[in-house]
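Student: Task: produce atomic coordinates for the following.
(chains A and B)
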Amino acid sequence: MDKDQQHGDLNRRDFITGMAVTLAAVGAGAAALSPLTNAEEIPSVDAFLQEHYKRLTAEDKKKIFARLEKKIEKTYGVRTTIKDPKPLDDVVYGYTLNIGRCIGCRKCVYACMKENNTSRNPQIQYIRVLRMKKEGRGIDLESADHDYPQNEAGDENYYYMPVQCQQCENPPCVKVCPVNATWKEKDGIVVIDYNWCIGCRYCEAACPYHARRFNFAKPQVPSRELNPDMAYLSNRPRYLGVMEKCTFCLHRTRVGRYPACVEACPTGARKFGNLKDPESEVRKIIENERVYVLKEELGTVPKFYYVFAK
Amino acid sequence: MPLPFFRRRFIPRYGVIKLNHGANDRCYNCHLIQDRNKYAANDGSGIMHENVEKMCARCHGLIYKDWRNGTHGVRRGKWSAQTVFERQTFDCTECHDPHSPRFQFKTYASPPVWPDKYIRSTIIVTDHESVSESS
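Tutor: Residues are numbered from 1 along each chain as shown, chains lettered A, B, ... in the order given. This is a model prediction of the structure:
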């Protein structure tokens, strides 16, 4: 334990969590918060005093990123540079997924884990592939299961519907965050500052798509599998007791690349692009096909569209 | 560039080729009769293998248009590509065997092993008042 970690009992996360419990009438109660009380990962004073991401100056960021990089090198033995790509001008990201084509192979799920350095044990996956019977009521979310065995993928009698963060225009998760640790960026991506999150899990409860994940245990990623292409707001290593979620791979997409799940899809069911560009694949699909959003009635206005096309 | 995991393996077969391509049941619908290294175009001229999609386009015009737009098939690289070099587009024959074109895919990945508490409920509730805590 190095010197500045000894002051670790001054733990902002625990402190604010305590407050949140008193404020909370019902809902995510003490049980949900208990993993935090035995938090073994105690932040350094620097981390404790760190300002909210949005108030950080370029100079602050440089220092913080250097500190994080050092920590990663110490933990994983991997040299990384934490980047901070900004939202691009005139870009709002959209995603379309053709359910008629998805075969439920889960290639996207594992490509996402690799790309985003999500915990392997316990497992954290941003994408859940729901399986439901074709006949009868059509898409029936209530009869869907996400843990069908792999030999039951690619079955003609079922639809497979991957669900991940829908990057809502009106994100309910953002509204409930007591400390503004999560917000929507200009390009529509909802992000989390893992150093600001107190792990109260309100956002998880608020998300109608079950797209947010909580680190109940210290995330485990083998060093040799660590993806060194990292951004502060996306796939840098997370901590015990913080939330995380899909960010449309912003460390890739904000430099013009496709998200990992798009490139992994063997059937071409997944399409990604700029909603403001009439020539983009997503715009072409939205204009020419019938598209749906999940749980439209909630008014969340997802930017993730589902298509039923051949 | 490593081969993509679903690229059809090109294994020349010198035996009998069985067609399973619907009503398209004539070799010379696709292969150029005068030059077997080329494919047949509508005007009787040849299409090189590099442009095999032009041959498919003769009969699958709409899909070809979708493919040109990027809505059929897979692209990798940059969504914001300015030049063709920034983007890799899969050819028709990398996913479809021209002689038996039905899409084949056989490797599937295992289900999640996350603990139950990672998902508050496995069903998506419609009524947000009743978000249940199954954890």
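
Student: now chain B, which segments are flagged as low pLDDT?
Tutor: Low-confidence segments of chain B, defined by pLDDT under 70, span residues B:1-15, B:116-135.

Student: For the most centrally placed residue in it, give its distance to chain A.
Tutor: Centroid-nearest residue in chain B, with Cα atoms, centre = their mean: residue B:95, separated by 3.8 Å. Between residue B:95 and chain A the distance, using Cβ to the nearest Cβ, to the nearest Å, works out to 8 Å. C-betas here are computed from N, CA, C, even on glycine.

Student: Quick check: phi and psi on that residue?
Tutor: phi -110, psi -30 (degrees, to the nearest 10).

Student: Can you classify the closest residue to it other than its chain neighbours by secondary structure?
Tutor: Among residues not flanking residue B:95 along the chain, residue B:103 sits closest, at 6.3 Å (Cβ to Cβ, 6 or more residues apart in numbering or on different chains). Following DSSP: H, G, I helix; E, B strand; the rest coil, we place residue B:103 in the coil state.

Student: can you pull the contacts of residue B:103?
Tutor: Residues near residue B:103 by Cβ atoms under 8 Å, 6 or more residues apart in numbering or on different chains: A:267, B:95, B:96.

Student: any chance of those residues in CSV, plus distance to residue B:33?
Tutor: Converted to CSV, the contacts of residue B:103 look like this (distance: Cβ to Cβ, whole Å):
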residue, distance to residue B:33
A:267, 34
B:95, 27
B:96, 23
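
Student: Please identify which of these is nearest to residue B:34.
Tutor: Nearest to residue B:34 among those, counting by Cβ to Cβ, is residue B:96 at 25.2 Å.

Student: ok, for that closest one, nearest residue in space, not its chain neighbours?
Tutor: Closest to residue B:96 by Cβ to Cβ, 6+ apart is residue B:103, at 6.4 Å.

Student: what's the distance between the one you found and residue A:264?
Tutor: 16 Å (Cβ to Cβ, to the nearest Å).

Student: Need phi/psi at residue A:203.
Tutor: Torsion angles, degrees, to the nearest 10, at residue A:203: phi -60, psi -40.

Student: three-state assignment of the closest residue to it other than its chain neighbours?
Tutor: Distance criterion Cβ to Cβ, 6+ apart; nearest residue to residue A:203, sequence neighbours excluded, is residue A:173 at 3.7 Å. When classified by three-state DSSP, residue A:173 comes out as helix.

Student: What about residue A:173, how many residues nearby?
Tutor: 26 (other Cβ atoms under 10 Å in any protein chain shown).

Student: now swap in residue A:124 and tell me
Tutor: The burial count for residue A:124: 26, using other Cβ under 10 Å.

Student: ok, now residue A:221?
Tutor: Residue A:221, neighbours per other Cβ under 10 Å, totals 21.

Student: And the pLDDT for it?
Tutor: Here, the pLDDT recorded for residue A:221 equals 93.

Student: quick one, what contacts it?
Tutor: Per Cβ under 8 Å, 6+ apart, neighbours of residue A:221: A:76, A:117, A:118, A:119, A:120, A:237.

Student: Out of these, grab the one that's most surrounded.
Tutor: Going by other Cβ under 10 Å, residue A:117 tops these with 24 neighbours.

Student: contacting residues for that one?
Tutor: Per Cβ under 8 Å, 6+ apart, neighbours of residue A:117: A:219, A:221, A:226, A:227, A:230, A:235, A:236, A:237, A:238.

Student: Which one of these is nearest to chain B?
Tutor: residue A:219 (12.1 Å; Cβ to the nearest Cβ).

Student: That closest one and residue A:116 touch, don't they?
Tutor: No: using Cβ atoms under 8 Å as the test, residue A:219 is too far from residue A:116 to be in contact (10.8 Å).

Student: ok, those two, which is more surrounded?
Tutor: Comparing residue A:219 with residue A:116 by other Cβ under 10 Å, the one with more neighbours is residue A:116, at 26 against 21.

Student: residues touching that one, list them.
Tutor: A:126, A:227, A:234, A:235, A:246, A:247, A:249, A:260.

Student: Just put those residues in CSV and tack on distance to residue A:55, pLDDT and secondary structure.
Tutor: Shown next, in CSV, are these (distance: Cβ to Cβ, whole Å; pLDDT from 0 to 100; DSSP: H, G, I helix; E, B strand; the rest coil):
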residue, distance to residue A:55, pLDDT, secondary structure
A:126, 28, 95, coil
A:227, 28, 94, coil
A:234, 20, 94, coil
A:235, 23, 94, coil
A:246, 25, 97, coil
A:247, 20, 97, coil
A:249, 25, 96, coil
A:260, 31, 96, helix
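
Student: Which ones among those also lie next to chain B?
Tutor: Among those, not one lies near chain B by Cβ under 8 Å from any Cβ of the partner chain.

Student: ok now the longest helix anywhere in chain B, how far from the chain's centre?
Tutor: The longest helix of chain B (DSSP state H) is helix B:61-69. Counting by Cα atoms, centre = their mean, to the nearest Å, helix B:61-69 is centred 12 Å from the centre of its parent chain.

Student: and if you look at stretch A:144-153?
Tutor: The mean C-alpha position of stretch A:144-153 is separated from the chain mean by 22 Å, Cα atoms, centre = their mean.

Student: now do the same end-to-end measure for that stretch.
Tutor: Using Cα to Cα, to the nearest Å, one end of stretch A:144-153 lies 13 Å from the other.

Student: Could you do stretch A:199-215 as well?
Tutor: End to end - Cα to Cα - stretch A:199-215 spans 8 Å.

Student: Just the buried residues of that stretch, please?
Tutor: A:199-215 (16 or more other Cβ atoms under 10 Å in any protein chain shown).

Student: any idea of the mean pLDDT for it?
Tutor: 92.

Student: how far is that stretch from where the chain is centred?
Tutor: 10 Å.

Student: Tell me which entries of the buried residues of stretch A:199-215 lie within helices.
Tutor: A:202, A:203, A:204, A:205, A:206.

Student: Contacts only, for the last one.
Tutor: It stands for residue A:206. Per Cβ under 8 Å, 6+ apart, neighbours of residue A:206: A:172, A:173, A:175, A:176, B:131.

Student: Could you do residue A:277 as well?
Tutor: A:91, A:283.

Student: Return the distance of it relative to residue A:233.
Tutor: Applying Cβ to Cβ to residue A:277 and residue A:233 gives a distance of 23 Å.

Student: before we move on, what about residue B:59?
Tutor: 47 Å.

Student: next one: residue A:175
Tutor: 19 Å.

Student: Compare the two (neighbour count), which wins?
Tutor: Neighbour count, other Cβ under 10 Å: between residue A:175 and residue A:233, residue A:233 has more, with 22 against 11.

Student: Per-residue pLDDT of the most centrally placed residue in chain A, please?
Tutor: Chain A has residue A:245 as the residue nearest its centroid, 1.5 Å off, counting by Cα atoms, centre = their mean. pLDDT, residue A:245: 96.
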